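Asks: Need coordinates for the below:
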Amino acid sequence: MTDHPPGAPEPAAGLADAVTDHARGNLSRHAGADTGPVESRTAAVSAPAASRRLADHTTFRIGGPADQLVVASSEAELIGAVSDADQSGRPLLLLGGGSNVLVGDAGFRGTVVLVATRGCRWAATSGGVVTVAAGEVWDDFVAQTLLRGYGALAALSGIPGSVGAAPVQNIGAYGAEVAETIQSVRAFDRRRGEVTILPAAECAFGYRTSRFKSEPDRYAIVDVDFFLRPDDAGAPPGHPELADRLGLAPGQRPSPLDVRQAVLELRRSKGMLLDPADHDTWSAGSFFTNPLLTGGQAKALPPEAPRYPQPDGTVKTSAAWLIAQAGFARGHGPGPARLSTKHVLALTNRGGATAADILALARTVRDAVSARFAITLTPEPTLVGCALS
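Replies: So this is what the prediction gives:
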């Protein structure tokens with residue numbers, strides 16, 4: 001493998017010094033990023049040291065104990081743990097960063113596998129192709145791509161969680177979605193008992209969904225292949241809020257580092273950059289997805305309601321706008337579960353909240369929006385051992 005593959009754009013001069021320590025997201029520690037096999041940087045995590053209390057493994061900091069918890073720091077350990085649970089008939093839960101899940105207070109009656117694999121392998125003959133282990137921290141990977149001069153993922157900076165979780169949810173922000181850069185996903189097919197490669201066209205990517213989300217008990221993602229185009233660096237941002245933050249004229253091209261810094265600042269202002277001292281970040285980010293409406297539903301909304309026509313003929317509107325118009329202010333809530341003080345779309349744990357508390361608040365919000373607009377909000381996080389009935 002080469003340190004700077006043929007065809008790759010030259011990294012920006014002075015990249016590690018171009019932004020503040022917090023905004024660059026520790027870019028400098030990736031300067032010598034591994035280019036060897038995906039498994040060459042496995043995490044040294046001992047299973048006995050890992051807590052079975054799932055609140056210790058989720059960004060909500062909520063969740064009861066697992067019957068069994070296994071830390072998989074290699075591909076073989078991951079596949080072995082999944083196979084063992086399937087063969088024994090035990091329920092299985094795969095956890096990466098725990099940033100898009102709400103676990104019930106009773107915990108999980110089965111095996112929880114913490115995916116702790118690490119590593120990135122850049123193709124020697126094609127600068128923009130990289131294979132990334134499922135357990136790699138998403139934002140660390142984004143930082144590494146910026147160091148190599150690729151800007152396609154800059155708008156997805158600061159999103160918590162792991163690389164393996166990214167295609168499941170088809171994570172997106174500020175006009176970008178991860179599906180735009182995924183070439184293929186390699187996964188263990190639990191039904192067939194073998195590793196398979198799914199090209200992007202077979203992953204059924206959609207708005208915050210994928211084949212992996214619609215078939216939750218079939219695939220355990222091992223690693224993801226990304227194709228990053230050099231000409232994506234510095235593309236005009238496709239989101240008006242981001243463009244405003246950057247202060248750009250229409251069509252003006254920012255640097256990827258400027259995009260990353262602006263995105264991190266926006267996420268921080270909304271309590272969506274993880275910070276143990278900030279209870280607004282004790283959450284799963286946006287709790288509800290933005291509704292996709294029929295033409296008739298969109299027309300029935302007030303004239304000032306946000307409307308974003310989609311290629312399939314539906315119209316997306318803003319869940320945050322609906323929540324605010326239904327009468328909820330930032331910080332709403334009488335107990336330990338409240339709306340974020342920075343963003344009404346995030347439900348937060350102010351300390352000591354239970355899953356039941358979060359769900360009670362979610363029902364209150366959902367039912368009020370439904371009563372006001374005849375639109376039923378859908379939760380974005382995966383609900384494990386609990387339900388928004």
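
Asks: only C-alpha atoms for contact and neighbour calcs from this point on.
Replies: Fine.

Asks: got the CA coordinates for stretch 294-305 in PDB?
Replies: Extracted as PDB, the C-alpha positions of stretch 294-305 are listed here (Å, rounded to 0.1, in the frame of the first residue of the first chain):
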ATOM      1  CA  THR A 294     -48.000  13.200  -0.100                       C
ATOM      2  CA  GLY A 295     -48.800  16.300  -2.200                       C
ATOM      3  CA  GLY A 296     -52.200  16.600  -0.400                       C
ATOM      4  CA  GLN A 297     -50.600  16.500   3.000                       C
ATOM      5  CA  ALA A 298     -48.100  19.100   2.100                       C
ATOM      6  CA  LYS A 299     -50.700  21.400   0.600                       C
ATOM      7  CA  ALA A 300     -52.700  21.100   3.900                       C
ATOM      8  CA  LEU A 301     -49.800  22.600   5.900                       C
ATOM      9  CA  PRO A 302     -49.700  26.300   6.700                       C
ATOM     10  CA  PRO A 303     -48.200  28.400   3.900                       C
ATOM     11  CA  GLU A 304     -45.100  29.100   5.900                       C
ATOM     12  CA  ALA A 305     -44.300  25.400   6.600                       C
END
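
Asks: where does this structure have low pLDDT?
Replies: Flagging of the chain using pLDDT under 70 yields the residue ranges 1-49, 126-127, 231-238, 250.

Asks: Enumerate the positions of the longest helix seen in it that are buried.
Replies: Across the chain, the longest stretch assigned as helix under DSSP state H is helix 355-373. Residues of helix 355-373 classed as buried: 355-359, 361-362, 365-370, 373 (neighbour count, 16 or more other Cα atoms under 10 Å).

Asks: Which elements pack onto that helix?
Replies: Packing partners of helix 355-373 (3 or more Cα pairs under 8 Å, 6 or more residues apart in numbering; DSSP states H and E): helix 319-325, strand 337-339, strand 346-349.

Asks: Go again with 7 Å.
Replies: helix 319-325, strand 337-339 (3 or more Cα pairs under 7 Å, 6 or more residues apart in numbering; DSSP states H and E).

Asks: The ones you listed: which one's closest to residue 97?
Replies: Residue 97 sits nearest to strand 337-339 of all the helices and strands packed on helix 355-373, at 21.3 Å, using Cα to Cα.

Asks: Need the winner for burial among the helices and strands packed on helix 355-373.
Replies: Mean neighbours per residue, mean count of other Cα atoms under 10 Å, is largest over the helices and strands packed on helix 355-373 for strand 337-339, with a mean of 26.

Asks: partners of it in the sheet?
Replies: strand 346-349 (antiparallel) (DSSP bridges).

Asks: Show me the helices in the stretch 51-200 of the chain, by range?
Replies: Under the criterion DSSP state H, counting those that start in this stretch, the stretch 51-200 of the chain contains helices at 75-88, 138-147, 166-169.

Asks: Most tightly packed of the ones you listed?
Replies: helix 166-169 (a mean of 24).

Asks: I'd like to check what contacts that helix. Which residues are they?
Replies: 178, 179, 208, 209, 210, 212, 213 (Cα atoms under 7 Å, 6 or more residues apart in numbering).

Asks: And for stretch 376-389?
Replies: By Cα under 7 Å, 6+ apart, the residues outside stretch 376-389 that reach it are 100-104, 107-108, 284, 286-289, 291, 359, 363, 366, 370.

Asks: Now list the buried members of those residues.
Replies: Buried by 16+ other Cα under 10 Å: 100-104, 107-108, 284, 286-289, 291, 359, 366, 370, out of the contacts of stretch 376-389.

Asks: which pair in the residues you listed spans the largest distance?
Replies: The span of the buried ones among the contacts of stretch 376-389, defined through Cα to Cα, is set by 108 and 370 at 30.9 Å.

Asks: what about residue 313, distance to residue 379?
Replies: Distance, residue 313 to residue 379, by Cα to Cα, to the nearest Å: 23 Å.

Asks: Going by how many neighbours each has, rank the two and give me the top one.
Replies: Set residue 313 next to residue 379 and count neighbours by other Cα atoms under 10 Å: residue 379 wins out with 16 against 11.

Asks: who's the more buried one bridged to?
Replies: Bridge pairing for residue 379 - DSSP bridges - gives residue 288.

Asks: That one and residue 88, how far apart?
Replies: Relative to residue 88, and taking Cα to Cα, residue 379 is found at 31 Å.

Asks: Over to residue 223?
Replies: 25 Å.

Asks: how would you label residue 297: helix, strand or coil?
Replies: State at residue 297, reduced to three classes by DSSP: H, G, I helix; E, B strand; the rest coil: helix.

Asks: Tell me, how many residues neighbour residue 296?
Replies: So residue 296, with other Cα under 10 Å, has 10 neighbours.

Asks: what does residue 385 give?
Replies: Residue 385, neighbours per other Cα under 10 Å, totals 16.

Asks: Could you do residue 226 as well?
Replies: Neighbours of residue 226 using other Cα under 10 Å come to 21.

Asks: Skipping its backbone neighbours, what lies nearest it in space?
Replies: Nearest residue to residue 226, sequence neighbours excluded (Cα to Cα, 6 or more residues apart in numbering): residue 182, at 4.5 Å.

Asks: For residue 225, grab phi and psi.
Replies: Main-chain dihedrals, residue 225, degrees, to the nearest 10: phi -100, psi 130.

Asks: Relative to residue 122, how far out is it?
Replies: Taking Cα to Cα, one finds residue 225 at 10 Å from residue 122.

Asks: start to end distance for stretch 191-204?
Replies: Stretch 191-204 has an end-to-end distance of 18 Å (criterion: Cα to Cα).

Asks: How about residues contacting that stretch?
Replies: Identification of contacts with stretch 191-204 by Cα under 7 Å, 6+ apart yields 182, 183, 184, 185, 186, 187, 188, 189, 210, 211, 218.

Asks: surely the fourth one meets residue 224?
Replies: Yep, that's residue 185 we're talking about. Yes: counting by Cα atoms under 7 Å, residue 185 touches residue 224, with 4.6 Å between them.

Asks: Now render the contacts of stretch 191-204 as a markdown table, adding distance to residue 388.
Replies: Compiled in a markdown table, the contacts of stretch 191-204 are given as follows (distance: Cα to Cα, whole Å):
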| residue | distance to residue 388 |
| --- | --- |
| 182 | 32 |
| 183 | 34 |
| 184 | 33 |
| 185 | 30 |
| 186 | 32 |
| 187 | 30 |
| 188 | 30 |
| 189 | 29 |
| 210 | 21 |
| 211 | 22 |
| 218 | 24 |
